[in-house]
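Colleague: Structure for the following, please:
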Amino acid sequence: MSTPARVAVLISGSGTNLQAILDAAAAGELPVTICGVLSDRPDAAGLERARRAGVPAIAVDYREHPDRAAAEAALGQQLDALAPDIVVLAGFMRILPDELVERYAGRMLNVHPSLLPKFRGLDTFRRVLEAGDAWHGSTVHFVVPELDAGPRIIRYRIAVRPGDTAASLKQRVQAGEYRIYPRAIRWLAEGRLALRDGAAWLDGRRLDEPVTVDEAA
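Modeller: The predicted structure follows:
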């Protein structure tokens, strides 16, 4: 893009991934303009992170709407008003309506704390321990209507250590997310990454498997 890509970020909580994105943009490592941060929770701490960075912080409180459809419509209107080139889900804990996802097809990213396609949904740290898996991690993927099923772009992989708990896994995985998420956003903003034919393509090559970054790398 000849001008920096406009990026809108959706959050529900503390916004630690948002902070990593804001920091990368401020450092010149991410050629984007963060045009707004939206949350479904007006008390989300991530909104204050946005305000401190001088970024518009917008809350769409689902409880103030008569039903979920009305709340989703309001969220979509606020998002569209920002005119983003890229939409980033960073701990947004609601399932978006198919119509909104399809409107931003190829321009909406999510980071999920598992080595997709394993462990879609919630409680991934507990579930990987219960399964006895040797590896865990996080995956950045394009968002499609099916939950956590979009084409994978890049993943951060850690070895599960003896004595690991859900809390220790979460801490290590999140540290990796702060590395890989800005990288994927940069690829999309620079036009190097695309969604084509139901797959992620990077630098003109179809990614049959995501780019892998290991913990020690």
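Colleague: Could I get the average pLDDT for the lengthiest helix in the chain?
Modeller: With secondary structure taken from DSSP state H, the chain has its longest helix at helix 166-189. Per-residue confidence for helix 166-189 averages out to 98 on the pLDDT scale.
Colleague: What residues of that helix count as buried?
Modeller: Neighbour-count burial for helix 166-189 flags 169, 172-174, 176-189 (criterion: 16 or more other C-beta atoms under 10 Å). For glycine as for every other residue, the C-beta is placed from the backbone atoms N, C-alpha and C.
Colleague: Can you tell me the closest non-neighbouring residue to the spatially most central residue of the chain?
Modeller: The central residue of the chain, meaning the one whose C-alpha is nearest the mean C-alpha position (C-alpha atoms, centre = their mean), is Asn110 at 3.0 Å. Nearest in space to Asn110, with sequence neighbours left out and distances taken as C-beta to C-beta, 6 or more residues apart in numbering, is Leu89 at 4.2 Å.
Colleague: Any idea how many residues pack against that neighbour?
Modeller: Other residues within reach of Leu89 by the criterion other C-beta atoms under 10 Å amount to 20.
Colleague: That one pairs with what?
Modeller: For Leu89, the beta-bridge partners under DSSP bridges are Leu10, Asn110.
Colleague: wait, it sits on Leu10?
Modeller: Yes. Look at Leu89 against Leu10 with C-beta atoms under 8 Å: they come within range, at 5.1 Å.
Colleague: any idea how far Val111 lies from Asp214?
Modeller: With the distance defined as C-beta to C-beta, to the nearest Å, Val111 ends up 17 Å from Asp214.
Colleague: If you count surrounding residues, which of those two has more?
Modeller: Val111 (25 against 13).
Colleague: ok, that one touching Glu177?
Modeller: Yes. With contacts counted by C-beta under 8 Å, Val111 reaches Glu177, the gap being 5.4 Å.
Colleague: Now the common contact residues for the two.
Modeller: 17, 138 (C-beta atoms under 8 Å, 6 or more residues apart in numbering).
Colleague: got the phi/psi numbers for Val213?
Modeller: Summarising the backbone geometry of Val213 under the convention degrees, to the nearest 10, its torsions are phi -120, psi 120.
Colleague: Please determine how far it is located from Pro42.
Modeller: Using C-beta to C-beta, we find Val213 at a distance of 35 Å from Pro42.
Colleague: When these two are compared, which one has more neighbours?
Modeller: The residue with the greater number of neighbours, taking Val213 and Pro42 and applying other C-beta under 10 Å, is Val213; the counts read 17 against 13.
Colleague: Next one: the more buried one, what pLDDT does it get?
Modeller: Val213 is assigned a pLDDT of 98 by the prediction.
Colleague: Next up, the contacts around the residue nearest to it when sequence neighbours are not counted.
Modeller: Excluding the flanking residues, the one nearest Val213 by C-beta to C-beta, 6+ apart is Tyr156, at 5.1 Å. Applying C-beta under 8 Å, 6+ apart, one finds that Tyr156 lies in contact with 137-139, 173, 176-177, 179-180, 213-215.
Colleague: Please apply the same query to Ile153.
Modeller: Counting by C-beta under 8 Å, 6+ apart, Ile153 touches 109, 139-142, 184, 187, 193, 200, 202, 207, 210-211.
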